[in-house]
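Colleague: Below are the sequence and a predicted model; questions follow.
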Amino acid sequence: MPSEYRLILKYADEPGYTPDIECYLRHGGYDALKKALALQPKDLPDGAKRSGPEQIRQEVMASGLRGRGGAGFSCGLKWSFVDRKSGKPIYLICNADESEPGTFKDRQIIHKDPHQLIEGMIISCFANDVHLAYIYIRGEMPDGARLLNRALQEARAKNFLGKDILGNGYDLEMHVHRGAGAYICGEETGLIESLEGKRPYPRIKPPYFPAVLGLWMCPTIVNNVETLCNVKHIVAMGGTEFAKLGTPNNTGTRIVSLSGHVKKPGCYEIEVGRATIGQLIFDANFGGGLRDGRKLKAVIPGGSSAKVFKAGEKFKIKDKEVDMLDLPYDFDSLIQAGSMSGSSAIIVMDDSTDIVGALANIAEFYAHESCGQCTPCREGSLWMSKALHRLTHGEGRAQDADYLVKIADNIPGGRTICAFGEACAWPVQSFVAKFKDEFVDKGAADEERRAKKSKGAGPGMEMKLAASQQH
Ligand SMILES: Cc1cc2nc3c(=O)[nH]c(=O)nc-3n(C[C@H](O)[C@H](O)[C@H](O)COP(=O)(O)O)c2cc1C
Ligand code: SF4
């Protein structure tokens with residue numbers, strides 16, 4: 001039976017472990033930073049030299065670390081795209097917006113072990129010649145912002161931040177920036193606009209790839225909280241050793257936020273791919289199973305924007321038929337199964353769930369959070385939400401299922417500036433495809449009820465009701 005593998009959350013829940021710097025130092029805190037700063041230039045066979053920062057970048061590449069914020073993009077590769085020749089300053093931003101519904105892992109790190117994030121960030125900044133960094137934290141996390149600010153003060157007092165860090169000659173300053181609570185501020189270019197003091201309208205890529213034209217049009221690295229924490233461990237253990245954790249192409253550990261109808265919701269850190277979805281839901285080491293007497297109905301495997309899985313669904317993975325519950329929880333398997341591990345948030349729904357209601361809830365969120373720049377996203381998310389509102393308020397139509405899919409199909413696929421378009425369409429496409437009967441039955445029942453009612457009310461009322469259904 002797989003169990004947790006705690007690398008990032010190793011000490012977080014230990015009795016007596018506190019978020020202050022003295023406790024962190026007693027547990028080996030900032031040793032990885034000292035190791036990073038002490039790296040000497042390495043002679044290469046061709047006579048060239050590899051600097052300390054270059055060695056760290058190489059270790060991160062060798063580790064196979066993939067971003068923990070959603071897309072699972074290689075961290076080493078992202079860093080390699082940074083324009084180091086522009087002559088402009090390079091910035092690093094930690095994305096602590098954590099706004100994907102169902103996700104609550106970054107908050108655990110920030111609340112319980114903020115210095116781990118700061119150490120990971122300082123090393124990442126040193127590796128990338130960054131002298132100014134930001135932690136962009138969502139507005140609804142005031143305690144997290146307070147803890148981070150206190151941790152930054154403590155780190156400055158010990159000269160882990162500021163001028164001439166530990167006598168190495170390296171200078172770095174770091175600030176916490178609080179958002180005001182908008183989902184789109186989690187999207188990296190929206191976040192950058194917000195940090196610049198503007199509305200968080202995402203920027204179009206190309207040309208605005210942050211690695212080239214990011215904060216104040218300077219090269220910028222945006223990484224998730226958990227991603228940056230991993231950098232500390234990569235430096236401590238070496239990239240090759242880190243790559244032995246997890247599974248090929250899916251290295252390291254991941255903190256899974258498990259919520260919904262399980263007995264033990266919470267954060268569970270696993271080696272990537274070394275536990276299946278079923279184990280995460282049912283094993284005593286993790287979710288502990290469903291509530292008594294209930295059966296599994298559906299699972300959203302990677303935050304609310306990931307495509308839903310239906311209980312009993314089967315997939316072809318490497319020529320083998322695999323039940324949804326037997327899918328290894330990693331980046332690649334879930335993509336092959338047509339969804340994604342996204343922000344590694346598993347939302348479990350048992351047979352008491354009203355699927356139409358669940359989708360209406362998700363769609364309302366996306367309609368509210370669309371920034372409104374792109375017509376397909378702005379209008380489409382609203383139309384879908386309105387149709388679902390009708391369906392959940394006795395005003396549905398049997399054809400609403402097809403209507404929803406028609407709208408959803410016309411949002412993603414390069415029609416929008418950012419991936420929010422996909423994020424709002426995927427739940428609708430997948431919920432309706434996999435539970436179509438429930439949508440059709442609900443709409444048909446509403447129609448039948450209205451027809452009966454209108455017969456009782458006479459022909460005039462029937463016409464009025466028919467007219468009200470036109471839009
Ligand atoms: C609509 C939207 C919301 C996002 N929200 C978050 C978020 O809350 N936190 C996060 O780390 N990444 C979020 N992302 C992904 C970021 O744009 C970016 O890819 C990520 O921060 C990069 O970090 P990583 O490479 O370490 O994963 C979001 C993306 C989109 C399209
Ligand atoms: S896709 Fe949606 S959220 Fe993204 S820029 Fe366009 S309107 Fe805004």
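Modeller: Noted; the coordinates are in hand. Residues are numbered from 1 along each chain as shown. Ligands and ions are numbered 1, 2, ... in the order given.

Colleague: can you list contacts of the longest helix along the chain?
Modeller: Longest helix in the chain by number of residues, with DSSP state H as the criterion: helix 436-457. The contact list for helix 436-457 (Cβ atoms under 8 Å, 6 or more residues apart in numbering) reads 355-356, 391, 394-401, 404, 431-432, 461-462, 465. Every residue, glycine included, has its C-beta placed from N, CA and C.

Colleague: Now, of the residues you listed, which are buried?
Modeller: 355-356, 391, 395-401, 404, 431-432, 462, 465 (16 or more other Cβ atoms under 10 Å).

Colleague: which one of these is nearest ligand 2?
Modeller: Set against ligand 2, the nearest of the buried ones among the contacts of helix 436-457 by Cβ to the nearest ligand atom is residue 404 (17.7 Å).

Colleague: Show the contacting residues for that closest one.
Modeller: Going by Cβ under 8 Å, 6+ apart, the list of residues near residue 404 reads 384, 387-388, 428, 432, 439.

Colleague: average pLDDT across stretch 3-21?
Modeller: Averaging pLDDT along stretch 3-21 yields 96.

Colleague: For ligand 1, what's the nearest residue on the stretch 151-300 of the chain?
Modeller: Closest point on the stretch 151-300 of the chain to ligand 1, by Cβ to the nearest ligand atom, is residue 186, at 2.2 Å.

Colleague: That residue - nearest residue in space that isn't next to it in sequence?
Modeller: Nearest residue to residue 186, sequence neighbours excluded (Cβ to Cβ, 6 or more residues apart in numbering): residue 97, at 3.8 Å.

Colleague: circling back: ligand 1 next: which of the buried ones among the contacts of helix 436-457 are close?
Modeller: Applying Cβ under 6 Å from any ligand atom, the subset of the buried ones among the contacts of helix 436-457 adjacent to ligand 1 is empty.

Colleague: Which of these fall in helices?
Modeller: Counting by DSSP H, the buried ones among the contacts of helix 436-457 place 355-356, 391, 400-401, 404, 431-432, 462, 465 in helices.

Colleague: List just the nearest of those to ligand 1.
Modeller: Distances from ligand 1 to these, taken by Cβ to the nearest ligand atom, are shortest for residue 431, at 18.5 Å.

Colleague: Residue 309 contacts residue 340, doesn't it?
Modeller: No - applying Cβ atoms under 8 Å as the test, residue 309 and residue 340 come out as separate, 11.2 Å apart.

Colleague: residues contacting the residue most central in space within the chain?
Modeller: Centroid-nearest residue in the chain, with Cα atoms, centre = their mean: residue 343, separated by 2.8 Å. Residue 343 sits next to 68-70, 98, 100, 102-103, 105, 257, 302-303 when contact means Cβ under 8 Å, 6+ apart.

Colleague: Next one: the residue of the stretch 151-300 of the chain closest to ligand 1, what pLDDT does it get?
Modeller: Reported pLDDT for residue 186: 97.

Colleague: In contact with it, which residues are there?
Modeller: Residue 186 neighbours (Cβ under 8 Å, 6+ apart): 69, 95, 97-100, 138.

Colleague: now residue 410
Modeller: 376, 380.

Colleague: picking that back up, and the buried ones among the contacts of helix 436-457, which two are the farthest apart?
Modeller: Greatest spatial distance among the buried ones among the contacts of helix 436-457 (Cβ to Cβ): 431 and 462, at 31.6 Å.

Colleague: Could you measure from residue 113 over to residue 86?
Modeller: Look at residue 113 and residue 86: by Cβ to Cβ, to the nearest Å, they are 35 Å apart.

Colleague: quick one on the thing from earlier: please tell me which one of the contacts of residue 343 counts the most neighbours.
Modeller: Tallying neighbours with other Cβ atoms under 10 Å puts residue 68 at the head of the contacts of residue 343, with 28 neighbours.

Colleague: in which helix or strand would I find that residue?
Modeller: Under the criterion DSSP states H and E, no helix or strand holds residue 68.

Colleague: Spatially nearest residue to it, not counting backbone neighbours?
Modeller: Of all residues not flanking residue 68 in the chain, residue 226 sits nearest, at 3.8 Å (Cβ to Cβ, 6+ apart).

Colleague: residues contacting the one you found?
Modeller: Residue 226 is in contact with 8, 68-69, 105-106, 109, 254-255, counting by Cβ under 8 Å, 6+ apart.

Colleague: ok, now how distant is it from ligand 2?
Modeller: Per Cβ to the nearest ligand atom, to the nearest Å, residue 226 is found 24 Å from ligand 2.

Colleague: Kindly report the same for residue 160.
Modeller: Using Cβ to the nearest ligand atom, we find residue 160 at a distance of 37 Å from ligand 2.

Colleague: Enumerate every residue touching that residue.
Modeller: Per Cβ under 8 Å, 6+ apart, neighbours of residue 160: 30, 33, 118-119, 122, 166.

Colleague: how much space is there between it and residue 124?
Modeller: 14 Å.

Colleague: What of residue 303?
Modeller: 24 Å.

Colleague: try residue 270
Modeller: Distance of residue 270 to residue 124, given as Cβ to Cβ: 24 Å.

Colleague: Could I get the contacting residues of the residue of the stretch 151-300 of the chain found nearest ligand 2?
Modeller: Ligand 2 sits closest to residue 202 of the stretch 151-300 of the chain, with a gap of 4.2 Å, by Cβ to the nearest ligand atom. Counting by Cβ under 8 Å, 6+ apart, residue 202 makes contact with 184, 187, 189-190, 193, 371, 373, 417-418, 420.

Colleague: Adding secondary structure, write those out as a markdown table.
Modeller: Conversion of these to a markdown table gives the following (DSSP: H, G, I helix; E, B strand; the rest coil):
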| residue | secondary structure |
| --- | --- |
| 184 | helix |
| 187 | coil |
| 189 | helix |
| 190 | helix |
| 193 | helix |
| 371 | coil |
| 373 | coil |
| 417 | coil |
| 418 | coil |
| 420 | helix |
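
Colleague: Check those residues for burial and list the buried ones.
Modeller: Once neighbours are counted (16+ other Cβ under 10 Å), the buried part of the contacts of residue 202 comes down to 184, 187, 189-190, 193, 371, 373, 417-418, 420.

Colleague: Skipping its backbone neighbours, what lies nearest residue 135 in space?
Modeller: Residue 135's closest residue in space is residue 94 (Cβ to Cβ, 6+ apart), at 4.4 Å.

Colleague: Confirm that neighbour sits in a strand?
Modeller: Yes - secondary structure of residue 94 (three-state DSSP): part of a strand.

Colleague: Does it touch residue 133 like I think?
Modeller: Yes - with contact defined as Cβ under 8 Å, residue 94 reaches residue 133; the gap is 7.1 Å.

Colleague: hmm, back to that, so what's the residue nearest to residue 135 up against?
Modeller: Residues counted as contacts of residue 94 (Cβ under 8 Å, 6+ apart) are 117, 121, 133-136, 223-225, 228.
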